[in-house]
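Visitor: Mind looking at a prediction? Sequence and model below.
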Amino acid sequence: MRTVLLVAAVYHLLLGAYMFFAPASFYDTLGEFPPENHHYIKDVSTFYIALGIAFYISARSRSWRVPILAFAALEYALHTLNHLIDVGDALSSGKGWFAVFSLALLTGLLLFVLAAAGRGVRDRVEAEPEPPREE
């Protein structure tokens, strides 16, 4: 689980840095939904950087795992829906559909990891001894 969360952290930190430091390149490569707006791309980059930091913390702190994974899965599901709604607005049909399918795949992966993290929490709770009862 730690390795998966660290990979997610690095991915989001790199994506956020790419968006922040090269917004024109990001737009040309991945974000071709007009109008091009470098300030907005950099604003969104801060979300990905923050999510990368949260994934890093969740790799080190078990109590963060389920909440961060649930948030990320919800965000990616909504992001996928937004791209599906606007798929025809991309500068090319191929890039529009690629975005929908890649985001849907990432959503599925996050849900899978979330389910595994949830099972881990449940297993740890069930393995803990019950505290003595006061009479």
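Guide: Looks like it arrived, so ask away.
Visitor: name the element G120 belongs to?
Guide: G120 belongs to helix 93-127 when assigned by DSSP states H and E.
Visitor: Looking at that helix now, give me its mean pLDDT.
Guide: Average pLDDT, helix 93-127: 89.
Visitor: That one packs against which elements?
Guide: helix 2-21, helix 62-85 (3 or more C-beta pairs under 8 Å, 6 or more residues apart in numbering; DSSP states H and E). In this view, the C-beta of every residue, glycine as well, is placed from N, C-alpha and C.
Visitor: Flag the shaky bits of the protein, pLDDT-wise.
Guide: 124-135 (pLDDT under 70).
Visitor: if you set the cut-off to 80 instead, what comes out?
Guide: When residues are selected by pLDDT under 80, those of the chain lie in 121-135.
Visitor: quick revisit: check which residues of the helix holding G120 are buried.
Guide: By neighbour count with 16 or more other C-beta atoms under 10 Å, helix 93-127 contains the buried residues 95-96, 99-100, 103-104, 106-107, 110-111, 113-114, 117.
Visitor: Then stretch 21-35?
Guide: Under the neighbour-count criterion of 16+ other C-beta under 10 Å, stretch 21-35 has P23, F26, Y27, L30, G31, E32, F33 buried.
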